[in-house]
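Colleague: Predicted model follows, preceded by the sequence.
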Amino acid sequence: MNYIEKLIQSSNKFNSIVSMGLDPVIEDMPVQTGSIKEKIISFYEAILNEVIRKNIYPAAVKPNYAFYGQYGIEGIEALVHVIGLFKAQNIPVILDAKRGDIAKTATAYAKECFDFFNADAVTLAPYMGYDSISPFMDNYLDKGWYILNKTSNKSSGDFQDILINGEPLFIHVSKKIIEWHRPGIGAVVGATYPDQLKSITDQFIKSKKDIPLLIPGVGSQGGDLKEIITILKSYSDIKIHRINSSSEINYAYKKYKNMSFSEAAVQALKQLNEDIEKFLK
């Protein structure tokens, strides 16, 4: 099964296109006892158990490497364990590592992401060109590779919007993604820039390639969910795309004050699933 097939299968199974970010911040985790590693594992294990109990699932999870790496060895060990928990439920794991280097270094990063962490997909930076992408694609044919295309942060335009021969750099990146295409290559496009998202999907539509999108920026970053869904509906099979929400789900207990943190997280996930379903109709 290639990565595109895995995305469609998980969307059908869980009736969702949500990617749930798994970004631990110890100060925000209402887990009182244990080491850093134990607190992270306990936090996400409780949320996963509630997901299973309520039968309300995301269609992928996206742990951000940095949120674990900041805690050193304990954080990395926790990441390995958390990935294993969700993969045991057949939920695709997108490792948000944003790797970008060349030759033997890129090969080593690919081994880290796919052999050591056992991720199903990874985020990659294209700044160093095809040499930084090919070791991931050539050596792991059944995996997913999301290329940073137009990111959701405010200063993304410092480079990504620079005009080259009359077109912004992010369009040139989109064209490279098309050129490099094989099943599994995707694009990271922020929900905070719907006009740019539309320009990118227009390129992909013209190419007649199925290129899955990973879309952060919904929720605390202010992306308009309805607008994003409208664009995706005009592009391709909605089931290959993933709309990511991290802190809005992880720390939803701050909003749903009468619930436990795990119940609140699943309630936020349920609400996002329902909102997407509403806009798809």
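Modeller: Nice, thanks for sending it over. Every value quoted in this text rests on a predicted model; they were computed, and no experiment measured them.

Colleague: mind checking the end-to-end distance for stretch 137-146?
Modeller: 11 Å (CA to CA, to the nearest Å).

Colleague: list the buried ones in that stretch?
Modeller: Met137, Tyr140, Lys143, Gly144, Trp145, Tyr146 (16 or more other CB atoms under 10 Å). C-beta: built from backbone N, CA, C; applies to glycine.

Colleague: Could you tell me which of those residues belong to helices?
Modeller: Met137 (DSSP state H).

Colleague: in the stretch 151-281 of the chain, which spans are helices?
Modeller: 157-160, 169-179, 194-207, 225-233, 247-250, 261-280 (DSSP state H, counting those that start in this stretch).

Colleague: Just the pLDDT for Ser220.
Modeller: Note on Ser220: pLDDT of 64.

Colleague: go on, the one 4 residues further on?
Modeller: Note on Asp224: pLDDT of 90.

Colleague: now whichever strand or helix holds Gly21, how far from the centre of its chain.
Modeller: Using DSSP states H and E, Gly21 falls within strand 18-22. Computed by CA atoms, centre = their mean, to the nearest Å, the chain-centroid distance of strand 18-22 equals 7 Å.

Colleague: picking that back up, and the buried residues of stretch 137-146, which two are the farthest apart?
Modeller: Greatest spacing in these, by CB to CB: Tyr140 and Tyr146 (13.4 Å).

Colleague: out of everything not next to it in sequence, what's closest to Tyr130?
Modeller: Trp180 (6.3 Å; CB to CB, 6 or more residues apart in numbering).

Colleague: which residues does that neighbour contact?
Modeller: Tyr130, Ile133, Met137 (CB atoms under 8 Å, 6 or more residues apart in numbering).

Colleague: And the residue nearest to the spatial centre of the chain, how far from Ile249?
Modeller: By CA atoms, centre = their mean, the chain has its centre lying nearest to Lys62, at 4.7 Å. For Lys62, the distance to Ile249 (CB to CB, to the nearest Å) stands at 11 Å.

Colleague: which neighbours do those two share?
Modeller: Common neighbours of Lys62 and Ile249 (CB under 8 Å, 6+ apart) are Met20, Gly21.

Colleague: outside of stretch 127-145, which residues touch it?
Modeller: 1-3, 6-7, 92, 94, 99-103, 106-107, 109-110, 113-114, 119-122, 124-126, 147, 176, 180, 182, 184-186, 212.

Colleague: Any chance of a ChimeraX selection covering the buried ones in those residues?
Modeller: Burial among the contacts of stretch 127-145 is assessed by 16+ other CB under 10 Å; the matching ChimeraX selection reads:
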select :3,6,7,92,94,99,100,101,106,107,109,110,113,114,119,120,121,122,124,125,126,147,176,180,184,185,186,212
